[in-house]
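Undergrad: Show me the folded form of this:
(one chain, ligands or ions: 1)
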Amino acid sequence: MYYPMITPISGFSKLNKEEKIDWLLKTYLQGSNIAEKVLKQYWNENEAVQQLHEEFTENTLSNFYLPFGIAPNFLINGKLMAIPMATEESSVIAAASKAAKFWQTRGGFKVEVLNTTKNGQVHFIYNGDREKLNRFFKGVKPVLFDAVSGVTRNMRKRGGGVLGIELVDKTKLISGYFQLHCTFETKDSMGANFINSCLEKFADTLKEEAAKFQEFNVEEKRLEVIMSILSNYVPECLVKVEVSCPVSELYDDTHISHGTFAEKFLTAIKIAEVEPYRAVTHNKGLMNGVDAVVLATGNDFRAIEAGIHAYACKDGFYTGLTHASVENDIFKFWMEIPLALGTVGGLTNLHPLAKVALEILQKPSARELMEIVAVAGLAQNFAAVKTLVTNGIQQGHMKMHLMNILNSQNATPREKEELIHYFKKHTVTHSSVSEQLERIRN
Ligand code: MEV
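TA: Purely as a prediction, here's the structure:
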């Protein structure tokens, strides 16, 4: 690999976009015209839109597109919805649409938000007398609530705010480690800024009050705040979604009977429940659906990923998040996942496509969006497991991937048309596509 001699650059963020690209081309890309062309090709012609995107973050050079698609026919609590999804994975939207259509004629998805509490902690070190700390906390708790009354005013008007503040002794884990564990209701906003502002105010107030607390000695007055931050682990912000139908109405487009399909499906779910290697991939499949909607609606998919995978370990081991049963010949499939989402604030109202996505979803509340996202996750997992226990994923996946292979080999529209037709009846592999391309080119 060619690696150029590079000197560090200072003041990079102050350069304008053209200057940054220029530096990049000279420093890492040997002045490549192609790289420059590609970077600029993705600039939005509409200057206002381009500027908006540039201001989302620092050092923006271009935009990175993902396909924005739609999966129709989702019957959710009796309402028919089309779900917008942003994803690059070829088969995700097709699989979601298939699962939606299947369940639409079998009662649809029943979904319920169980609770919406979010949380955050002020982590601090106190090496003094525990009883004194307990007395201090009892006295300081109302002061903490008062200290954030300015920050919480608007949120309280919307029915949210700080729900509770608890002192938690963590000294068994780290000497002197305590925390304020704080709970919040943030209504339609995801609430990260609100929660972090409250926590930082709690931290300042805690330090100020400790310095004044008569019972503390000099050392105890120096209670040290380490950090204050929300948690993306939200096991009290849960949504439950389920589908069910008679076993006799399960798939009939496979080579196996309804009963065998149900049995194999249940076994696949059990394997994911007990086997972490499988559980991770199983959950990745449901996250294909979750992330695509989270992203399309301008929510923070990293937070959602972190929270859901942590929830998959809540009992001390990593497990699959979906469950299935057959009782009295009724097949039932369900899951419960934590989702801290917003439909106001952040990118949700700023990113023009996120706004459109929320309009497609009929401007949902955060609770409604939790329901929709959970449905997309369950649908995706159903489609994946159904395929795995019947035909295997490669057949369908490679068919969807065909276009990517054709594009990577610069196929013309006519070549694409001919080969899409050809591969309706043949197995798609990289080499078979190359061979067929060569055949028609000759
Ligand atoms: C691929 O993106 C997702 C799957 O691997 C999920 C699964 O195995 O359940 C098909």
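
Undergrad: which intervals of the stretch 1-150 of the chain have sub-threshold pLDDT?
TA: Across the stretch 1-150 of the chain, residues meeting the criterion (pLDDT under 70) sit at 1-4.

Undergrad: Near the ligand, which residues of it are found?
TA: For the stretch 1-150 of the chain, the contact set with the ligand under C-beta under 6 Å from any ligand atom comprises residue 89. The way it works is simple: take the backbone N, C-alpha and C, and place the C-beta from them, glycine included.

Undergrad: Do a quick rundown of the helices in the stretch 1-150 of the chain.
TA: In the stretch 1-150 of the chain, the segments counted as helices under DSSP state H, counting those that start in this stretch are 17-28, 33-41, 47-56, 92-104, 130-147, 149-157.

Undergrad: Just name the most buried of the ones you listed.
TA: When those are scored by mean count of other C-beta atoms under 10 Å, the highest mean neighbour count falls to helix 92-104 (a mean of 22).

Undergrad: Point to the residue nearest the middle of this structure.
TA: With distances taken as C-alpha atoms, centre = their mean, residue 301 lies nearest the centre of the chain, 2.9 Å away.

Undergrad: Now for residue 390: which residues touch it?
TA: 251, 254, 255, 256, 261 (C-beta atoms under 8 Å, 6 or more residues apart in numbering).

Undergrad: The closest residue to the fourth one other than its chain neighbours and residue 257: what is the separation?
TA: With sequence-adjacent residues excluded and distances taken as C-beta to C-beta, 6 or more residues apart in numbering, residue 256 is closest to residue 390, at 6.7 Å. When C-beta to C-beta, to the nearest Å is applied, the distance between residue 390 and residue 257 equals 12 Å.

Undergrad: can you give me the helices for the stretch 201-350 of the chain?
TA: Counting by DSSP H, counting those that start in this stretch, the stretch 201-350 of the chain has helices at residues 218-221, 258-274, 276-296, 301-311.

Undergrad: What are the boundaries of the strands in this protein?
TA: Along the chain, the stretches classed as strands by DSSP state E are 68-76, 79-86, 110-113, 118-125, 161-169, 177-185, 224-230, 238-246, 322-327, 330-338.

Undergrad: hang on, the earlier thing: who wins for proximity to the ligand among the helices of the stretch 201-350 of the chain?
TA: helix 276-296 (2.6 Å; C-beta to the nearest ligand atom).

Undergrad: Tell me which other helices or strands that closest one touches.
TA: strand 79-86, helix 92-104, helix 258-274, helix 301-311, helix 352-360, helix 366-388 (3 or more C-beta pairs under 8 Å, 6 or more residues apart in numbering; DSSP states H and E).

Undergrad: average model confidence for that helix?
TA: Helix 276-296 shows a mean pLDDT of 98.

Undergrad: Kindly export it (C-alpha atoms) in CSV.
TA: The C-alpha trace of helix 276-296 is given here as CSV (Å, rounded to 0.1, in the frame of the first residue of the first chain):
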residue,chain,number,x,y,z
PRO,A,276,-25.6,-16.5,21.8
TYR,A,277,-23.9,-17.0,18.4
ARG,A,278,-27.3,-17.5,16.8
ALA,A,279,-29.0,-14.9,19.1
VAL,A,280,-26.8,-12.1,17.9
THR,A,281,-27.6,-12.8,14.2
HIS,A,282,-31.3,-13.3,15.0
ASN,A,283,-31.4,-9.9,16.7
LYS,A,284,-29.4,-8.4,13.9
GLY,A,285,-32.2,-9.5,11.6
LEU,A,286,-34.8,-7.7,13.6
MET,A,287,-32.6,-4.6,13.9
ASN,A,288,-32.6,-4.6,10.0
GLY,A,289,-36.2,-3.5,10.4
VAL,A,290,-35.8,-1.3,13.5
ASP,A,291,-32.8,0.6,12.3
ALA,A,292,-34.3,1.3,8.9
VAL,A,293,-37.3,3.1,10.4
VAL,A,294,-35.3,4.7,13.1
LEU,A,295,-32.9,6.1,10.5
ALA,A,296,-35.7,7.2,8.1
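
Undergrad: how big is the angle separating that helix from helix 366-388?
TA: With axes from the mean of the first three to the mean of the last three C-alpha atoms, to 10 degrees defining the directions, helix 276-296 sits at 130 degrees from helix 366-388.

Undergrad: how close does the closest residue in space to residue 175 that isn't next to it in sequence get to the ligand?
TA: Nearest residue to residue 175, sequence neighbours excluded (C-beta to C-beta, 6+ apart): residue 127, at 7.3 Å. As judged by C-beta to the nearest ligand atom, to the nearest Å, residue 127 and the ligand stand 49 Å apart.

Undergrad: So the residue nearest to residue 306 when sequence neighbours are not counted versus residue 121, what's the distance?
TA: Leaving aside its chain neighbours, residue 306 sits nearest to residue 232 (4.5 Å; criterion: C-beta to C-beta, 6+ apart). Between residue 232 and residue 121 the computed distance is 12 Å (C-beta to C-beta).

Undergrad: for residue 180, same thing?
TA: Here the criterion is C-beta to C-beta. By it, residue 180 lies 6 Å from residue 121.

Undergrad: quick one on the thing from earlier: highest mean neighbour count out of the helices and strands packed on helix 276-296?
TA: Compared across these, helix 366-388 shows the largest average neighbour count, a mean of 25 (mean count of other C-beta under 10 Å).

Undergrad: what's the angle from that helix to strand 330-338?
TA: Helix 366-388 and strand 330-338 are oriented at 130 degrees to each other (the same axes, to 10 degrees).

Undergrad: Helix 366-388 versus strand 322-327: what angle between them?
TA: If you take the same axes, to 10 degrees, helix 366-388 sits at 70 degrees to strand 322-327.

Undergrad: what sits against residue 395?
TA: Counting by C-beta under 8 Å, 6+ apart, residue 395 touches residue 427.

Undergrad: who in the stretch 201-350 of the chain is up against the ligand?
TA: So the stretch 201-350 of the chain meets the ligand at 281, 282, 284, 285, 288 (C-beta under 6 Å from any ligand atom).
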